[in-house]
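Q: Return atomic coordinates for the entry below.
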Amino acid sequence: MINDEVAEDVFVMIFSWGIPYEDEIFRDLDGAGQRTAYGKVERVPLELISRQYAKYSERDFYNAMVQDHSNRPAIVATYHGDLARLLEIKKLIRKKHEHLVPEHPGFIRDVIHSSDSREEYDAQSAIWEAYLNEQS
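A: Sure thing, here's the model as predicted:
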């Protein structure tokens, strides 16, 4: 049961390295919140991933990162639940699957990304809105 006093909305993206483990990753996340939308992105558009990471646009790694993340498959989802618990689960998923992610010389790659505030949720779910299908 979700405690509405602490419940928040969270945007999640599973990058290409995690897709083979989608069922396991979502089973973990589903234990911490209610999935409200889900969608598959066959080839991540450069424009959208650039917007998602716009807050890093002045950083040295930005161009390499958005180029690396574009044109790969991804899965996007939204959750409603305890933000702290969902972020804790995300950290556990990263640690559990970090051996799957090939190193990049310019930045740290991950299996999963999530929003960590209401502002990020609003921005990222709006960016990926065309891919998010509401769950029943």
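Q: Check the offset of the longest helix that the chain contains from the chain's centre.
A: Counting by DSSP state H, the longest helix found in the chain is helix 83-97. How far helix 83-97 lies from its chain's middle: 11 Å, per Cα atoms, centre = their mean, to the nearest Å.
Q: all helices of this structure, in order?
A: For the chain, helices defined by DSSP H occupy the ranges 22-30, 46-52, 62-69, 83-97, 118-127.
Q: which helices and strands does the last one pack with?
A: So the one you mean is helix 118-127. Helix 118-127 sits against strand 7-14, helix 46-52, with contacts defined as 3 or more Cβ pairs under 8 Å, 6 or more residues apart in numbering; DSSP states H and E. Where you see a C-beta, it was placed from the backbone N, CA and C, and this is true even at glycine.
Q: if we look at stretch 76-96, which residues are touching it?
A: Stretch 76-96 is touched from outside by 2-3, 6-14, 18, 25-26, 28-29, 31-41, 110-112, 114, 116, 121, 125, 128, 131-132, with contacts defined as Cβ atoms under 8 Å, 6 or more residues apart in numbering.
Q: Among the residues you listed, the buried ones, what's the PyMOL command?
A: The buried residues among the contacts of stretch 76-96 can be selected in PyMOL (16 or more other Cβ atoms under 10 Å) with this line:
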select buried, resi 8+9+10+11+12+13+14+18+25+26+28+29+32+33+35+36+37+38+39+41+110+111+112+114+116+121+125+128+131+132
